[in-house]
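[1] next one to model:
(one chain, ligands or ions: 1)
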Amino acid sequence: MRLDPGVQDLAGERPQVDGAATQRRLSGKVAVVTGSSRGIGKAIARALAAEGASMAVHYCKGREHADQLAAEFERGGSRVGVFHADVARPEDCHRLLEQAAKQLGSVDILVNNAGINRDRSIRKMSASEWDEVIHTNLDSVFHCTKAVLEPMIGRGWGRIINIASIIGQTGAFGQANYAAAKAGVIAFTKSVAQEVAKFGVTVNAICPGFVDTDMVASMPQAAKEAVKGRIPLGRFGEADEVARLVRFLCTEGDWITGAQLNINGGQYM
Ligand SMILES: NC(=O)c1ccc[n+]([C@@H]2O[C@H](COP(=O)([O-])OP(=O)(O)OC[C@H]3O[C@@H](n4cnc5c(N)ncnc54)[C@H](OP(=O)(O)O)[C@@H]3O)[C@@H](O)[C@H]2O)c1
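    Down below sits the predicted model:
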């Protein structure tokens, strides 16, 4: 019997909740994961639910996926709510966090994960492609953080985890909008971390490399192989691997704040 089951073991139809093998270190905590209908956000939500957190599952277009995930959590005995918001809209961000707090209780853990890419070289990129990515990937992090910060400070405990990207560290051809947003997220993380550390709130950025989700599914096969050739560990990451890092920050990361944590197979060191 494994004493600390990995997220993959917990990612099935029914999260494992019984027995000594399962630790529930986030019981009593309320977690909001933006963009938890799919991909990395869904894996993060599963990891936090498996630790006993009450979960706010959030979606924009994928209502069906969000409902399915919520039903899975309910079957596992978790408290869960499903919330819609277009995080590109500030008023939606505030409404999301207000509704989650009203339904589940004050938010202890915020994972700013929702994101998009609209890749095009700068010579062809439209202002709306720039705006859409900045609003969704960067402005949302500000608005969602603002909406949870004062209650976290009041309770003297909070975990804010921002899903940035290797592209925010290196830049990339055709991704000026995405790279600028993610670099902004990293700098935002370091600034806010300095401001709120004394109140027991930690703020960290995770910088994944290429992770096997819908976001990279549309890449041409040849481009994928070229990228893999530049990854020392020789493969794309799995969403569960990013989720395990989020879980670690929430359960054991008490002395980690302002960090940009690389999880990229060694692609950027
Ligand atoms: N995959 C990678 O290789 C990779 C690498 C580095 C960083 N990241 C970052 O990791 C995060 C998750 O990426 P992913 O690969 O899991 O992407 P994904 O599979 O495309 O999923 C994106 C998620 O974001 C939500 N979302 C998109 N636009 C939204 C909006 N306007 N309002 C609210 N929610 C919105 C989607 O919700 P609906 O489906 O409900 O609309 C979905 O749940 C993103 O921030 C991304 O930039 C990904």
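[2] any idea which helix or strand carries residue 160?
    Secondary structure from DSSP states H and E places residue 160 in strand 158-163.
[3] what residues sit buried inside stretch 236-248?
    Buried residues in stretch 236-248, counted by 16 or more other C-beta atoms under 10 Å: 236, 237, 238, 239, 240, 241, 242, 243, 244, 245, 246, 247. Placement of C-beta: from N, CA and C, glycine included.
[4] one more: stretch 154-174?
    Within stretch 154-174, judged by 16+ other C-beta under 10 Å, the buried ones are 158-170.
[5] and the angle for whichever helix or strand residue 195 is part of with strand 158-163?
    Assigned by DSSP H and E, residue 195 belongs to helix 176-196. With axes from the mean of the first three to the mean of the last three C-alpha atoms, to 10 degrees as the basis, helix 176-196 and strand 158-163 are set at 160 degrees to each other.
[6] which other residues reach the very next helix or strand once past the strand holding residue 160?
    Using DSSP H and E, the helix or strand that follows strand 158-163 towards the C-terminus is helix 167-170. For helix 167-170, the external contacting residues (C-beta atoms under 8 Å, 6 or more residues apart in numbering) are 175, 178-179, 181-186, 207, 260, 262, 268.
[7] the buried residues of stretch 154-174: which ones sit near the ligand?
    Restricting the buried residues of stretch 154-174 to those touching the ligand (C-beta under 6 Å from any ligand atom) yields 163, 165.
[8] could you check the pLDDT of the residue positioned nearest the centre of the chain?
    Centroid-nearest residue in the chain, with C-alpha atoms, centre = their mean: residue 113, separated by 3.1 Å. pLDDT recorded at residue 113 is 98.
[9] and it, what does it touch?
    Taking C-beta under 8 Å, 6+ apart as the test, what residue 113 contacts is 33, 34, 35, 36, 40, 41, 44, 163.
[10] can I get those in CSV with secondary structure?
    Converted to CSV, the contacts of residue 113 look like this (DSSP: H, G, I helix; E, B strand; the rest coil):
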residue, secondary structure
33, strand
34, coil
35, coil
36, coil
40, helix
41, helix
44, helix
163, strand
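[11] buried among the residues you listed? Make that a ChimeraX selection.
    Selection command for ChimeraX covering only the buried members of the contacts of residue 113, criterion 16+ other C-beta under 10 Å:
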select :33,34,35,36,40,41,44,163
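[12] could you pull out the strands for the stretch 101-250 of the chain?
    109-112, 158-163, 201-208 (DSSP state E, counting those that start in this stretch).
[13] in CSV: those strands, plus distance to residue 255.
    Below are those laid out as CSV (distance: least, C-beta to C-beta, whole Å):
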stretch, distance to residue 255
strand 109-112, 17
strand 158-163, 13
strand 201-208, 9
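[14] select, out of those strands, the one closest to residue 84.
    Across the strands of the stretch 101-250 of the chain, residue 84 has its closest neighbour in strand 109-112 (16.7 Å, C-beta to C-beta).
[15] which other helices and strands contact the closest one?
    Where contact means 3 or more C-beta pairs under 8 Å, 6 or more residues apart in numbering; DSSP states H and E, strand 109-112 is packed against strand 30-33, helix 39-50, helix 140-155, strand 158-163.
[16] got these as CSV, with mean pLDDT columns?
    Converted to CSV, the helices and strands packed on strand 109-112 look like this (pLDDT from 0 to 100):
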stretch, mean pLDDT
strand 30-33, 99
helix 39-50, 98
helix 140-155, 98
strand 158-163, 99
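[17] that's all I had, so thanks and see you.
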